[in-house]
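Chemist: my questions concern the predicted model and sequence given below.
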Amino acid sequence: MTQNGNLKRRVRARAAKTGESYTAALRHIRQASPDHSDTKSVRLAVAQTSFFNDPRDISGLRASGMEMRGLMRDAHKAGTRLIHFPEGATCSPNKRVMSENGPREIGPSDWARFEWAILREELDATSKLAKELKLWTVLGSVHQLTPPHRPHNSLYVISDRGELVTRYDERMLSNTKISFMYSPGKAPVTFDIDGVCFGCAAGMETHYPEIFSEYERLEADCILFSTTGEMPSAAPAFAAEVLGHAASNTFWVSYSAHTPQSLVVPSGIAAPDGQWAARCPAGDAAAIAVADITIDRGNLARPWRRKARADFYAPHQVDSDPRSDGRNLF
């Protein structure tokens, strides 16, 4: 049972015993934990990596793995506890490369073209390095399922012991992904590091505010959003949404994309005030940026906004419709 699994089990047990909601039970357990304090902090590195989209190319799979591990060593030297990589950090398969009718026509993906054995070797090497460096690692990868099921487009969460503790599967797939490539995920995923709760999102999910408000209800402190950055034209919208989600939910958002997108908007870490706390350099080079994710449990913004989003205002509302009372027109 993982650390995150134990926490969920305790929360569900308390909720069943007391009749509290999951959120209320989670808040109580965190407040009652021996290591609770008003302020928690985790040093996070966000990465931007080279874009690799042909899973038939063994040398490319090897190169992407080596690049990731080089950035992990950079993050370790910077004293980070967690490094966050883009969607498809190992490989983000191109829809035309994978199409059984391609490359001119986009059709169902032929996943037999993927060099799965090489991918597993690279993931194993990355997990071993995470253990060696004692570095939590979140990276995007295709997750193979038993045929004829299509794979998931996933984020792997590897602990500082080199163990796969959980996996997030992208839920809000694009039209091409759901039509020809992947199986959608079903649920949000959170995990804790040193008392800080992280959630995961991927692909184009920043376009869906309900994904982020759901994580706010689950008491997440920082959302790790991974995308490909295949089309740089999408970068400005993603960046604006990341800053907006951070400000409106009063949590941190880490935005990790590939280098083509960094030419327009580099990867970065958005603070709860809606400002960039750290950003990678703009350019075509793989890099990391580092920020301390500091959580102030005494901050009243999130509790107040949660209260306001409920029925707090209903008892205070009065009938002042000008259509029903001409005296109230001005």
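Modeler: Received, thanks. All values derive from a computational prediction rather than experimental measurement.

Chemist: what are the ranges of the helices in this structure?
Modeler: In chain order, the chain shows helices spanning 3-18, 22-32, 58-77, 95-98, 116-133, 175-176, 209-217, 235-249, 259-262, 301-309, with DSSP state H as the criterion.

Chemist: buried sites along the fourth one?
Modeler: Using 16 or more other CB atoms under 10 Å as the burial criterion, the residues of helix 95-98 that qualify are 95, 97-98. From N, CA and C alone the C-beta is placed, and that goes for glycine too.

Chemist: need the contact list for Asp194.
Modeler: 40-42, 81 (CB atoms under 8 Å, 6 or more residues apart in numbering).

Chemist: redo that, cut-off 7 Å
Modeler: Listed by CB atoms under 7 Å, 6 or more residues apart in numbering, the contact partners of Asp194 are 40, 42, 81.

Chemist: out of those, who has the most neighbours?
Modeler: Neighbours here mean other CB atoms under 10 Å. Within the contacts of Asp194, the largest count is held by Val42, at 22 neighbours.

Chemist: show me what contacts it?
Modeler: Neighbouring residues of Val42 by CB under 7 Å, 6+ apart: 81-82, 193-194, 196, 293.

Chemist: just put those residues in a markdown table and tack on pLDDT and distance to Ser213.
Modeler: Listed next are the contacts of Val42 as a markdown table, based on pLDDT from 0 to 100; distance: CB to CB, whole Å:
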| residue | pLDDT | distance to Ser213 |
| --- | --- | --- |
| Arg81 | 98 | 26 |
| Leu82 | 98 | 23 |
| Ile193 | 97 | 22 |
| Asp194 | 95 | 25 |
| Val196 | 96 | 19 |
| Ile293 | 96 | 20 |
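
Chemist: next step: those residues restricted to strands.
Modeler: Using DSSP state E, the members of the contacts of Val42 that fall in strands are 82, 193, 196, 293.

Chemist: format these as CSV; extra columns: neighbour count and distance to Pro303.
Modeler: Supplementary listing: these in CSV, determined by neighbours: other CB atoms under 10 Å; distance: CB to CB, whole Å:
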residue, neighbour count, distance to Pro303
Leu82, 26, 26
Ile193, 21, 23
Val196, 20, 18
Ile293, 24, 19
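
Chemist: now, which of those sits nearest Ser174?
Modeler: Sorting the ones in strands among the contacts of Val42 by distance to Ser174 puts Leu82 at the head of the list, at 27.3 Å, by CB to CB.

Chemist: grab the nearest non-local neighbour of Arg14.
Modeler: Closest residue to Arg14 apart from its sequence neighbours, by CB to CB, 6 or more residues apart in numbering: Ala25 at 4.2 Å.

Chemist: and that neighbour, how many neighbours?
Modeler: Close neighbours of Ala25, defined as other CB under 10 Å, add up to 20.

Chemist: repeat for Glu20
Modeler: 15.

Chemist: identify the residues contacting it.
Modeler: With contacts taken as CB under 7 Å, 6+ apart, Glu20 has the following neighbours: Arg14.

Chemist: what is the burial count for Ser256?
Modeler: Counted by other CB under 10 Å, the residues lying close to Ser256 total 32.

Chemist: buried ones in stretch 84-96?
Modeler: Residues of stretch 84-96 classed as buried: 84-95 (neighbour count, 16+ other CB under 10 Å).

Chemist: among those, which are in strands?
Modeler: His84.

Chemist: returning to that earlier point: between the helices of the chain, which one is closest to His316.
Modeler: Judged by CB to CB, the one of the helices of the chain that comes nearest to His316 is helix 301-309, at 11.5 Å.

Chemist: the closest one versus helix 209-217: what angle between them?
Modeler: Taking axes from the mean of the first three to the mean of the last three CA atoms, to 10 degrees, helix 301-309 and helix 209-217 form an angle of 120 degrees between their directions.

Chemist: next, the angle from helix 301-309 to helix 235-249.
Modeler: For helix 301-309 against helix 235-249, the angle between stretch directions is 80 degrees (the same axes, to 10 degrees).

Chemist: residues of helix 301-309 that come out buried?
Modeler: Burial within helix 301-309, assessed by neighbour count using 16+ other CB under 10 Å, is assigned to Arg302.

Chemist: same question for that helix, mean pLDDT?
Modeler: When pLDDT is averaged along helix 301-309, the result is 79.

Chemist: kindly export it (C-alpha atoms) in PDB.
Modeler: Taking Å, rounded to 0.1, in the frame of the first residue of the first chain, the C-alpha atoms of helix 301-309 are listed here in PDB:
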ATOM      1  CA  ALA A 301      -8.800  32.800   0.400                       C
ATOM      2  CA  ARG A 302      -9.600  29.200  -0.400                       C
ATOM      3  CA  PRO A 303     -12.000  28.600   2.500                       C
ATOM      4  CA  TRP A 304     -13.900  31.800   1.700                       C
ATOM      5  CA  ARG A 305     -14.200  31.100  -2.000                       C
ATOM      6  CA  ARG A 306     -15.400  27.600  -1.300                       C
ATOM      7  CA  LYS A 307     -18.000  29.100   1.100                       C
ATOM      8  CA  ALA A 308     -19.000  31.600  -1.500                       C
ATOM      9  CA  ARG A 309     -19.400  29.000  -4.200                       C
END
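
Chemist: perfect, I'm done here.
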